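# can't give you the sequence, but here's the structure:
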């Protein structure tokens, strides 16, 4: 386990490629594990050979994203503020920030639990349920996911906080423990114990509980500058004001992902249950490209935050440039693989071998690949905004990608091109937001050039 001093050296003195590798590789592995975590339920549910069950898991994914969103409010916001505070040398404040984030996430999980259980029936209908069988499966899944809400939110928050102090390996370990637990339990719960879709939800909750236990032990061992001591909990001294505005754009991104998935499901359900199932499969397998590139961006966020807190813009921009090159290369390679093997990838999750699911799935997956090589560059900009504490640009980018740009495109393109218009709306929105992100960063950088603390004048 890395010492506190060694973790800070990663931020302050490691060469950029070495620093990015130290932070991004565990983060990417965590992201891949997260993809596996999300795909495991779909895969094992597909072995039930019931399209209704697969469709139910696809329909309920947006609700799970609500828990992710609240975990990101306190996890991403807390992580960014922690790394900036470390750059400024305010280590005692880090303990207050982490305690605030941990206990706020637990409370948020309890609130979500209460709301979802009280509104579960109309919620399933709003998600786009297409029949009684899908409704029944979705009800069983959501009930248990809601009950595990506090653990899910806290697990996401804690993983981000630990990463924010530079302990990328420990953050990855906690996530892997949860994922491996989930994957082991999935076939047991779903198939061996014949619990079906509800078993998938129970396995997910137990996995998150395992992650929370690991992070709690890590924090209490004393090799961390973070704290989960309730006595350290505080909302004053700018803590809530600096955590929540940065966490909200990350949360909005997840909430809008949830909302846009609901809208997509409702647009695409007119093409039948096979189309709904295909959309769910394609979206989940596409997570590999999105999450790998996102993982690199997430990994360097603490480095960006620390560099910004230390007013070292040269190191900040070098980290961003190197990261963008890495994401473009990786995104391009994965895109080519996905396009060549799209049928095989879709059929791996098409338990019934439904020809319509394959046809729709291949078309959706190939459409999503348009933005594959460039997605990581946009994520790098967004996580840099968060690391720098620039909540407004991050918010604009989040609102644009899943809302203000995407939704109008979805409505217009669906009317003009039907099914094809629906599936091409997201990649086109991604490319538009990449351009927007580059413009916003250029504006921020031009303003910072006027500040001698960030750009010292040379004699």
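Ah, there it is. As the structure is a computational prediction, the values presented were derived from the model and not from experiment. Numbering: from 1, shown residues only.

# distance of residue 396 relative to residue 431?
To residue 431, residue 396 is 16 Å away according to Cβ to Cβ, to the nearest Å. C-beta coordinates here come from the backbone N, C-alpha and C atoms, glycine included.

# more crowded one of the two?
residue 396 (19 against 15; other Cβ atoms under 10 Å).

# following the helix or strand hosting the more buried one, which helix or strand shows up next?
Secondary-structure assignment from DSSP states H and E places residue 396 in helix 391-399. The helix or strand immediately downstream of helix 391-399 is helix 406-417, counting by DSSP H and E.

# which residues does that next one contact?
Under the criterion Cβ atoms under 8 Å, 6 or more residues apart in numbering, residues 256, 260, 263-264, 267, 400, 420-422, 424-426, 428-429 lie in contact with helix 406-417.

# so what's the model's average confidence on that helix?
Mean pLDDT, helix 406-417: 89.

# quick one: that helix to helix 391-399, angle?
20 degrees (axes from the mean of the first three to the mean of the last three Cα atoms, to 10 degrees).

# quick check, distance from helix 406-417 to the centre of its chain.
25 Å (Cα atoms, centre = their mean, to the nearest Å).

# try stretch 58-73
9 Å.

# buried stuff in that stretch?
58-73 (16 or more other Cβ atoms under 10 Å).

# look up how far residue 93 lies from residue 239.
8 Å.

# now do residue 72
21 Å.

# sorry, back to before: now which of the contacts of helix 406-417 would you call buried?
256, 260, 263-264, 267, 400, 421-422, 424-426, 428-429.

# before we move on, back to that, which one of the contacts of helix 406-417 is nearest to residue 218?
residue 256 (31.7 Å; Cβ to Cβ).

# circling back to that earlier point, now, the buried ones among the contacts of helix 406-417 that are in helices?
256, 260, 263-264, 267, 421-422, 424-426, 428-429 (DSSP state H).

# among these, which pair sits farthest apart?
256 and 421 (19.5 Å).

# picking up where we left off before, in CSV: the ones in helices among the buried ones among the contacts of helix 406-417, plus pLDDT and distance to residue 157.
Putting these into CSV (pLDDT from 0 to 100; distance: Cβ to Cβ, whole Å) gives the following:
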residue, pLDDT, distance to residue 157
256, 75, 20
260, 76, 23
263, 81, 27
264, 80, 28
267, 84, 33
421, 89, 38
422, 88, 34
424, 90, 35
425, 90, 31
426, 87, 27
428, 92, 33
429, 91, 28
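
# now, among those, which is nearest to residue 276?
residue 264 (9.3 Å).

# isn't that closest one right up against residue 422?
Yes: Residue 264 is within contact range of residue 422, at 6.9 Å (criterion: Cβ atoms under 8 Å).

# can you pull out the helices in the stretch 51-200 of the chain?
All helices of the stretch 51-200 of the chain, identified by DSSP state H, counting those that start in this stretch, fall at 51-87, 91-118, 120-126, 132-147, 149-164, 168-187, 196-220.

# mean confidence for the helix holding residue 396?
86.

# where's it relative to the chain centroid, distance-wise?
15 Å.

# quick check: which ranges of the stretch 201-350 of the chain have low pLDDT?
Along the stretch 201-350 of the chain, the parts satisfying pLDDT under 70 run over 254, 258.

# give me that answer again for 80
222-223, 227-238, 250-262, 265-266, 269-270, 273, 280, 284, 287-288, 349-350 (pLDDT under 80).

# could you check how far the helix or strand encompassing residue 22 is from the centre of its chain?
Secondary structure assignment for residue 22, by DSSP H and E: helix 16-46. Distance of helix 16-46 from its chain centroid, counting by Cα atoms, centre = their mean, is 10 Å.
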